[in-house]
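S.K.: how would this look folded up:
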Amino acid sequence: MKKIDLEIVALSHSVTQSHNYAVVLGEVSGNRRLPIVIGGFEAQAIAVAMERMIPNRPLTHDLFKNTLDTFNVELKEVLINNLLDGIFYAQLVCERDGEEFVIDSRTSDAIAMAVRFKSPITTFDFIMEQAGVVLEDEEEKEDQPIIAEDVSPDSYDQYSLKALRQMLDDVLETEDYEKAALIRDEINKRSGTSESGEAS
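M.R.: Reported below is the predicted structural model:
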């Protein structure tokens, strides 16, 4: 299966759900984005590492990194390897003394580790096809624009696919990635694709 290289594009607070965040992974050699809804603790773990903050005591992910470092284990890659029933799955691809081994992980934890190790993040193309979002061309938008901010997430099912795609463009432009994930899920649901989100 074809692998896609990803990078962290944004980490944004959820507008509609106060305790949720969205980490947005962008395709390095393309324009698709992969929003993943995560919890507050996981978002903090990623943000602390991205901002190179040093807490007074090691956070759980720092402790795990220190443990791997102590035993000369290198994190070679974080692979988001599956999407089942709306849940992303990930693996830590590690190496020690020339031997490679894989550790299963929640996606949010894997991303937090990737930031600490400065390891590449990858996924498979079929996951980007199912859960990725990309801006549509301007000419495909409705003549009368819908203001996405005024639309309740509970009413997405009342809009046409074309209208939903327009709203998706709007919220991506304002970097509201959590709402983008909800709109994307409604579009995917109509295409027979499962909703996507991070396991808690």
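S.K.: Tell me which helix or strand Glu178 sits in.
M.R.: Taking DSSP states H and E as the criterion, the element that holds Glu178 is helix 177-190.
S.K.: quick check: angle from the worst-scoring helix or strand of the chain on mean pLDDT to helix 177-190?
M.R.: Within the chain, no helix or strand scores below helix 161-173, which has a mean of 76 by mean pLDDT, DSSP states H and E. Following axes from the mean of the first three to the mean of the last three C-alpha atoms, to 10 degrees, one obtains 160 degrees for the angle between helix 161-173 and helix 177-190.
S.K.: Quick one: mean pLDDT over the helix holding Glu178.
M.R.: On average, the pLDDT along helix 177-190 is 79.
S.K.: Report the buried residues of the least confident helix or strand of the chain.
M.R.: Buried residues in helix 161-173, counted by 16 or more other C-beta atoms under 10 Å: 163-172. Where you see a C-beta, it was placed from the backbone N, CA and C, and this is true even at glycine.
S.K.: ok, now stretch 93-100?
M.R.: Buried residues in stretch 93-100, defined by neighbour count with 16+ other C-beta under 10 Å: 93-94.
S.K.: which stretches of this protein aren't confidently modelled?
M.R.: Across the chain, the ranges flagged by pLDDT under 70 are 14-19, 135-160, 175, 191-200.
S.K.: which SSE is the residue nearest to the spatial centre of it in?
M.R.: Centroid check for the chain by C-alpha atoms, centre = their mean gives Ile36 as the closest residue, at 3.1 Å. Following DSSP H and E, the helix or strand that holds Ile36 is strand 33-39.
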